[in-house]
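> I'll drop the sequence and a predicted model, then ask my questions.
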Amino acid sequence: MKHVSVVEAHQKQQDGHVYVDVRSTHEFEAGHPAGAVNVPLLEHDDTGQMAQNPDFLRVMKASFTPDTKILVGCQAGMRSLKAAMMLETFGFIDVTNVKGGWGGARDQSGAFLEPGWVSANLPAETDTPPDRTYEALLVKADKAE
C-alpha cells in the first residue's frame, strides 16, 4: 500500500491523479480538497447512524478504470486506508492512501501526527460541479447496469 502526505497528494493531483474523498456526503459538502470526487465509504443509514455504504465498490468500478491513479482521502486517514485496501483487493492497481486526510491525524493529546489538507492550507472548496458529487456517480453506476 502506498501512502502520501496531503502536500504530496496535492502535487499528484496536478499530475493527473484523482482524489476520491471517502467521507460522508455531509462531510464532503462542508468542505473538501479542490477537485475531489465523493464516494463515501460510510454513509448515514435510514436511522441516522453511520453504516458501510453498500454501493461503494459498485460506484468506484463504474466511475474509474482499474488503472486510474487514485488518491484516497478521508477525515484523518483511517477510512481512506480501509477504502484503499478494499480497492486494491478488488482490482484497482494504482491506489494511494492520503495520510492526514482533510482534518489531520492527531494523537491522544490532540497534537498532529500528520497534518491535514486544512492545516496545510491547500486548495479547498465547498461548491462541487455536479459530475463530482456522489449522487451523480451513483446515477452513472445505476445506468451502467
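Noted; the coordinates are in hand.
> Grab the nearest non-local neighbour of the spatially most central residue of the chain.
Central residue of the chain (C-alpha atoms, centre = their mean): Asp21, 1.9 Å from the mean position. Spatial nearest neighbour of Asp21, excluding adjacent residues (C-beta to C-beta, 6 or more residues apart in numbering): Ala36 at 4.4 Å. The way it works is simple: take the backbone N, C-alpha and C, and place the C-beta from them, glycine included.
> Read off the pLDDT value for the most far-flung residue of the chain relative to its centre.
In the chain, Ser109 marks the outermost C-alpha relative to the chain mean, sitting 26.0 Å out by C-alpha atoms, centre = their mean. pLDDT for Ser109: 91.
> That one: helix or strand, and which one exactly?
Counting by DSSP states H and E, no helix or strand carries Ser109.
> That one and Leu81, how far apart?
Distance, Ser109 to Leu81, by C-beta to C-beta, to the nearest Å: 22 Å.
> who's in contact with the residue nearest to the centre of the chain?
Neighbour list for Asp21: Phe28, His32, Pro33, Ala36, Val37, Asn38, Val39, Gly73, Cys74, Trp102 [criterion: C-beta atoms under 8 Å, 6 or more residues apart in numbering].
> Which of these sits closest to Pro129?
The closest of the contacts of Asp21 to Pro129 turns out to be Val37 (C-beta to C-beta; 9.6 Å).
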